[in-house]
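>>> Here's a sequence, model it:
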Amino acid sequence: MSDTRAAGDSIVEVRGVNYAIGGRTIFDGLDLQARRGEITAVLGPSGTGKTTLLRLLMGAIAPELGQVSVFGQDISALDRHGLYAMRRRVGMLFQNGALLTDLSVFENVAFPLREHSRLPEPLLRRLVLMKLQAVGLRGAAELSTSALSGGMARRVALARAIVMDPELLIYDEPFAGLDPISLGVILRLIQSLNATLGISSIVVTHDVQEISSIAHHSFLLSGGKVIATGNPAKLRAADAAVVNQFMHGLPDGPVPFHVPAGDYREQLLGGDW
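Residues are numbered from 1 along each chain as shown. Predicted coordinates for the structure are as follows:
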């Protein structure tokens, strides 16, 4: 199912993308887009290629067929200089935070500025403290990462993701492993940062309940394609069995519990793999 919204205000365009790993098809004609100023959710069960999609968007891998465009640029056509320039316009919140354990909270957030700019120290310090203030952690600036809770670590990673003032902010499973309070804080930050910073956001997740409260538009992936698209309410009302199973968390449906295997009795008694 393709997205029929106007492409003129799109910040990300994925058109007809095919990609496979070790002969296993991950995407088979994938189509989706993310519009400027919106929070776009990419949903799907585990193993549907959500993280692979992020690697395509960042140019870490290239599609076998089709086109991936970010900021109107075909990612596959960019040279190394162009690819790095594109990435500097994007902030990334990794699933595990990916904080540098040998650095303090302050230095983790300052790291992109030290790598990509030559700002004088007083200005760099003000910028880092402003981003920490935005996520409620200015008072934790001098802490080591080992002193942080899971929710705090995720917020430090978010401060680092926005320190370069990106145009696009990408979240990879931002709610994984968080308690309800920390999850609520991250939800509020995604929404407020998107509005106050005037950026666009892509949230890759399987947490339907959480993202449904803030997403402007959602894409549900299955079988290498987008099988449903629209706002969360539209997806919840969809008749397709796989959409209904995922959106309502049903244990039985087209997405199986068991990985396909040979005869159970024969494997147990025969001893052959």
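
>>> on contacts alone, who are the packing partners of the helix or strand encompassing residue 153?
Using DSSP states H and E, residue 153 maps to helix 150-162. In this structure, helix 150-162 packs against strand 90-93, helix 105-116, helix 121-134, helix 180-196, with contacts taken as 3 or more C-beta pairs under 8 Å, 6 or more residues apart in numbering; DSSP states H and E. C-beta here means a position set from N, CA and C on the backbone, and glycine is covered the same way.

>>> got any ranges where this protein has weak pLDDT?
1-8, 97, 232, 236-260, 271-273 (pLDDT under 70).

>>> Quick one: the strands in the chain, in order.
10-21, 24-35, 39-43, 65-70, 73-74, 90-93, 168-172, 200-205, 217-222, 225-230 (DSSP state E).

>>> Quick one, which of those strands gets closest to residue 136.
strand 90-93 (15.5 Å; C-beta to C-beta).

>>> coming back round to it: using CSV, list the CA coordinates for the helix holding residue 153.
Extracted C-alpha coordinates of helix 150-162, given in CSV (Å, rounded to 0.1, in the frame of the first residue of the first chain):
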residue,chain,number,x,y,z
GLY,A,150,17.4,4.0,32.2
GLY,A,151,15.0,6.8,31.7
MET,A,152,17.7,9.4,32.5
ALA,A,153,20.1,7.8,30.1
ARG,A,154,17.6,7.9,27.3
ARG,A,155,17.0,11.6,28.0
VAL,A,156,20.8,12.3,27.9
ALA,A,157,20.9,10.5,24.5
LEU,A,158,18.0,12.7,23.4
ALA,A,159,19.9,15.9,24.4
ARG,A,160,22.9,14.7,22.4
ALA,A,161,20.6,14.0,19.4
ILE,A,162,19.3,17.6,19.4
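
>>> Contacts for it, please.
If you take C-beta atoms under 8 Å, 6 or more residues apart in numbering as the criterion, helix 150-162 is touched by 91-94, 97-99, 105, 108-109, 111-112, 128, 131-132, 134-137, 140, 145, 148, 169, 174, 177-179, 181-183, 185-186, 189, 193, 197.

>>> Sort out which residues of that helix are buried, please.
151-162 (16 or more other C-beta atoms under 10 Å).

>>> Tell me the one among those residues nearest to residue 37.
residue 162 (15.7 Å).

>>> Pick the most buried one from the helices and strands packed on helix 150-162.
strand 90-93 (a mean of 23; mean count of other C-beta atoms under 10 Å).

>>> For that one, which helices and strands make contact with it?
By 3+ C-beta pairs under 8 Å, 6+ apart, strand 90-93 packs against helix 150-162, strand 168-172.

>>> quick one: which of the ones you listed is nearest residue 206?
Between the helices and strands packed on strand 90-93, strand 168-172 lies closest to residue 206; by C-beta to C-beta that is 11.4 Å.

>>> still on that earlier bit, using CSV, please lay out the strands of the chain together with distance to residue 52.
CSV is the format used below for the strands of the chain (distance: least, C-beta to C-beta, whole Å):
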stretch, distance to residue 52
strand 10-21, 7
strand 24-35, 5
strand 39-43, 11
strand 65-70, 11
strand 73-74, 18
strand 90-93, 15
strand 168-172, 11
strand 200-205, 10
strand 217-222, 10
strand 225-230, 14
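
>>> so which of those strands comes closest to residue 81?
strand 73-74 (12.3 Å).

>>> Which strands and helices lie in contact with the closest one?
By 3+ C-beta pairs under 8 Å, 6+ apart, strand 73-74 packs against no helix or strand.

>>> Walk me through which strands it pairs with, and which way each runs.
Sheet pairing here is set by DSSP bridges, and for strand 73-74 it gives strand 65-70 (antiparallel).

>>> which residues are in contact with the strand it pairs with?
By C-beta under 8 Å, 6+ apart, strand 65-70 touches 11-18, 29-30, 56-57, 74-76, 86, 90, 168.

>>> what does stretch 87-95 give?
By C-beta under 8 Å, 6+ apart, stretch 87-95 touches 51, 54, 58-59, 70-71, 116, 154, 157-158, 161-162, 164, 166-174, 176, 199.

>>> Then stretch 74-81?
Taking C-beta under 8 Å, 6+ apart as the rule, stretch 74-81 contacts 56-57, 59, 62-63, 67-69, 83, 86.
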